[in-house]
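J.: here's a sequence, model it:
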Amino acid sequence: MAATTTLRFSLLSINLQRRLLSSSSINTNKHTQNKFLQKKFNHPVHNEEIINQLCRNGRFKEAIDILCEKKLLKEAIQLLGHIHRPSASIYSSLLLSCLQQRALQEGRRVHGHIKASDFIPGIFISNRLMDMYVKCGSFRDAQKVFDEMSERDLCSWNTMIKGYAKIGKVENARKLFDEMPNRDGFSWTAMISCYVQHGRPKEALNLYREMQSFGNLDSNKFTMSSVIAASAALPSLLSGKEIHGRILRLGLESDSAVWSALSDMYAKCGCVEGARRIFDKTVDRDVVSWTAMIDGYFEDGKWKDGFTLLADMLRSRIRPNEFTFAGVLNACADQALENVGKQVHGNMIRIGVNPDSFAASALVHMYSKCGNVRSARKAFEGLSTPDLVSWTSLIVGFAQNGHTEESLELFELMLRSDTQPDHVTFVGVLSACTHAGLVEKGIEYFHSIKDRHGLTPIVEHYSCLIDLLSRAGRFKEAEEYINKMPMKPDKFLWASLLGGCRIHKNVELAEQAAKALFEMEPENAATYATLANIYATAGRWEEVEKVRKMMDNRGVVKKPGLSWVEVQRQVHRFLVGDISHPNYNQIHAFLTEISKKMKQEGYVPDTDFVLHDVEEEQKEQNLSYHSEKLAVAFGIISTPPGTPIKVYKNLRTCVD
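T.: Residues are numbered from 1 along each chain as shown. The predicted structure is shown next:
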């Protein structure tokens, strides 16, 4: 063992010697230096003398840096065994290297050597030990060092508070904060930031107000950024404006991080104009500032302004990052703007965005929501390690676009990849079963949520199950599940039940579902219209009239069905019976011709859901000019054969 240690030390000595001889910063002449190194480096007992000599030559830090390079760290620590009384500076340098390299085991060896030697660590070494343990994730060791300290300074307390904040132990951090004999600005900021990071913004703001009562404490940019984030999280525009005024008084308005946080706060508090004023005043706008402002427009529903600002950003010298692209792609998904999404995709390719970034996952989501499952699948296959969000986006995308078999196959493939599903994944899976009428399969998946995957079904899962059973006309089972639910049914569940009642003409249960919906959302015209349709189908025209009067008395107006289709980058919108389109004559002629051909093939118009008490012929005519049929017809006559036609609608599609 001794021979091995000596050999290792000799190799280290040679390394040191070469590094020192190659440098010109040592003032001693080479002859004296070589003689000193040749004599001392071959005798391990003189290690301490060597280090001291290097320090006297002004080269101590470099010597320690050489010893503490990653490949030499273990050997450098082993040298401690040859030093009779190591100095505090040696321990400090080695612990710093362990901290920087996150070398927990080596750090524990140094700590063990400190305990075994006669060295008594002071506050500085103990703080460095704690910092090393905290940054290496060993909080138990850090707490032990803290508890054993006979004397502590502000750094000791702050290190532990910051450590507990990092791992989410908010109560532990607050307990230490309350026990501190003295606090500085860092202490307050660390605790405020802890509350913000772990979803407790109200407590963060309360603590900030308490901090302000201590007049000798000045808030810095880190403090202000944290309390701004707390205002944004609540959200509270009033407190945000109050903090904005404080920032101006403190003279922190020139800091880009503070301005970026302010802009984000105004946007999240619904004051996008205030956010834009901050943005326009920012001199050095970085990618975070641009991204926050663009996202602010999207969150406020100002899609055009958001995309315009994105174009401005692309023309500037600021390069978008994965968060910028992810936000824009999600906006494209929400608005079904596939063409814009494709342009963003092209920019991502040109810039070279990481294929496993948030933006890549958002790309899968965008194509799925826009109905382009082929491109969604291609984007998904480009991910080297698909995350749960990507899997779920693709599963839901296939389900919503009628590819039930592929959706369920993807789900089973995801399970085989050891990716655990979450609640959103199961909403997609159950929806796939609903669209395909796979009742038994859907019930099996529903029960597997808890039995196989250990999750607790949520109300959205029950809504999907009730939708599945109602569409199949299995109302008795649907009622049993509703009665056994551990939570109160929501409006989506009752709407699913009402929709099933419409299909199967179950008037009694429809009235029960409609009554619940009238209490939850009395302003929703869809409930009145659906119930009136159910009454009309049953020939109960007096009840239909009562529903209409109820709508009039409550001031409820049915939103007209609107469908739109994009042709050659221009959006064309249609209302039911719309004759205002410039191509109406061609659309009408096409629909007349196609209706004849459909009837020749056996098509029978489904007039059950036409609300008005009119003749059958008039009902058929009403069906012929529903907004989605007009949009489909225009798409067909305006594009070459084989072109995919996507029609979007603000309400559900006509059953016929």
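
J.: give me the neighbour count for the residue nearest to residue 302 when sequence neighbours are not counted.
T.: Nearest in space to residue 302, with sequence neighbours left out and distances taken as C-beta to C-beta, 6 or more residues apart in numbering, is residue 272 at 6.5 Å. C-beta: built from backbone N, CA, C; applies to glycine. Applying other C-beta atoms under 10 Å, we find 23 residues neighbouring residue 272.

J.: contacts only, for residue 272.
T.: Applying C-beta atoms under 8 Å, 6 or more residues apart in numbering to residue 272 gives the contacts 266, 296-297, 300, 302.

J.: ok, residue 571 touching residue 631?
T.: No. With contact defined as C-beta atoms under 8 Å, residue 571 does not count as touching residue 631 (10.4 Å).

J.: touching both of those two, which residues are there?
T.: By C-beta under 8 Å, 6+ apart, the residues touching both residue 571 and residue 631 are 564-565.

J.: neighbour count for the two, which is higher?
T.: Ranked by neighbour count (other C-beta under 10 Å), residue 571 and residue 631 place residue 631 first, with 26 against 10.

J.: quick one: the more buried one from residue 437, how far?
T.: Distance, residue 631 to residue 437, by C-beta to C-beta, to the nearest Å: 27 Å.

J.: and residue 380, by the same measure?
T.: Distance from residue 380 to residue 437, by C-beta to C-beta: 27 Å.

J.: and what of residue 415?
T.: Distance from residue 415 to residue 437, by C-beta to C-beta: 23 Å.

J.: please name the nearest non-neighbouring residue to residue 578.
T.: Nearest residue to residue 578, sequence neighbours excluded (C-beta to C-beta, 6+ apart): residue 630, at 5.9 Å.

J.: name the element that neighbour belongs to?
T.: Here residue 630, judged by DSSP states H and E, is contained in helix 627-638.

J.: name the residues that touch that helix?
T.: Applying C-beta under 8 Å, 6+ apart, the contact partners of helix 627-638 are 561-565, 567-568, 572, 574-576, 578, 581, 583, 586-587, 590-591, 594, 623, 643, 645, 647, 649, 653-654.

J.: which ones among the residues you listed lie within strands?
T.: Taking DSSP state E as the definition of strands, those contribute 562-565, 567, 572, 574-575, 647, 649.

J.: now for the residues you listed: which two are most distant?
T.: For the ones in strands among the contacts of helix 627-638, the farthest-apart pair by C-beta to C-beta is 567 and 575; their separation is 17.5 Å.

J.: that older thread, can you tell me which of the contacts of helix 627-638 are buried?
T.: In terms of neighbour count (16 or more other C-beta atoms under 10 Å), the buried residues within those are 561-565, 572, 574-576, 578, 581, 587, 590-591, 594, 623, 647, 649, 654.

J.: now the element after the helix or strand harbouring residue 203, going C-ward?
T.: Counting by DSSP H and E, the element that carries residue 203 is helix 201-212. Proceeding N to C from helix 201-212, the next assigned helix or strand is helix 221-233, under DSSP H and E.

J.: other SSEs contacting that next one?
T.: helix 185-197, helix 201-212, helix 237-250, helix 256-268 (3 or more C-beta pairs under 8 Å, 6 or more residues apart in numbering; DSSP states H and E).

J.: show me the shaky parts of this protein.
T.: Applying pLDDT under 70 to the chain flags residues 1-86, 215-218, 606-624, 655-656.

J.: now do the contacts for the spatially most central residue of it.
T.: In the chain, the centroid-proximal residue (C-alpha atoms, centre = their mean) is residue 358; its distance is 8.3 Å. Contacts for residue 358 (C-beta under 8 Å, 6+ apart) come out as 322-323, 326.

J.: of those - the most surrounded one?
T.: When neighbours are taken as other C-beta under 10 Å, the top entry among these is residue 326 (24 neighbours).

J.: quick check: that residue touching residue 359?
T.: Yes. Shown here, residue 326 and residue 359 form a contact pair, counting by C-beta under 8 Å, at 4.6 Å.

J.: contact partners of stretch 573-580?
T.: Under C-beta under 8 Å, 6+ apart, the answer for stretch 573-580 is 560-565, 581, 584, 622, 625-628, 630-631, 634.

J.: and which of these is nearest to residue 482?
T.: Nearest member of those to residue 482, counting by C-beta to C-beta, is residue 561, at 29.7 Å.

J.: touching, that closest one and residue 650? I think so.
T.: Yes. Contact criterion C-beta under 8 Å: residue 561 and residue 650 qualify, at 7.0 Å.

J.: measure residue 258 to residue 588 for me?
T.: Taking C-beta to C-beta, one finds residue 258 at 61 Å from residue 588.

J.: please say which of those two ends up with more neighbours.
T.: Taking other C-beta under 10 Å, residue 258 and residue 588 do not tie; residue 258 has more neighbours (24 against 16).

J.: touching, the more buried one and residue 228? I think so.
T.: Yes. Checked against C-beta under 8 Å, the pair residue 258 and residue 228 is within contact range at 7.3 Å.

J.: now do the same contact list for the spatially closest residue to residue 233 that is not a sequence neighbour.
T.: Closest residue in space to residue 233, ignoring its immediate chain neighbours: residue 201 at 4.0 Å, by C-beta to C-beta, 6+ apart. Neighbouring residues of residue 201 by C-beta under 8 Å, 6+ apart: 195, 229-231, 233-234.

J.: ok, these vs residue 111, which is closest?
T.: Nearest to residue 111 out of the contacts of residue 201 is residue 195 (C-beta to C-beta; 31.9 Å).

J.: what about the residue lying closest to that closest one once chain neighbours are set aside, neighbour count?
T.: Of all residues not flanking residue 195 in the chain, residue 204 sits nearest, at 3.7 Å (C-beta to C-beta, 6+ apart). Residue 204 sits with 24 neighbouring residues when counted by other C-beta under 10 Å.

J.: likewise for the one 4 residues further on?
T.: Residue neighbour count, defined by other C-beta under 10 Å, stands at 24 for residue 208.

J.: contacting residues around the residue nearest to it when sequence neighbours are not counted?
T.: Nearest non-adjacent residue to residue 208, counting by C-beta to C-beta, 6+ apart: residue 227, 4.7 Å away. Applying C-beta under 8 Å, 6+ apart, we find residue 227 in contact with 192, 196, 204-205, 208, 219, 243.

J.: any idea how far residue 221 is from the closest residue to residue 487 other than its chain neighbours?
T.: Nearest residue to residue 487 in three dimensions, chain neighbours excluded: residue 459, at 5.4 Å (C-beta to C-beta, 6+ apart). Distance, residue 459 to residue 221, using C-beta to C-beta: 43 Å.

J.: how's this protein carved up into domains?
T.: 49-119, 285-382, 386-445, 484-554, 563-649 (the TED database).

J.: these: which one's closest to residue 465?
T.: Closest approach to residue 465 among the domains of the chain is made by domain 386-445 (6.5 Å; C-beta to C-beta).

J.: what's the span of that closest one, first residue to last?
T.: Distance between the two ends of domain 386-445: 23 Å, counting by C-alpha to C-alpha, to the nearest Å.

J.: leaving out chain neighbours, which residue sits closest to residue 111?
T.: residue 129 (6.0 Å).

J.: which helix or which strand is home to that neighbour?
T.: Following DSSP H and E, one finds residue 129 within helix 123-135.
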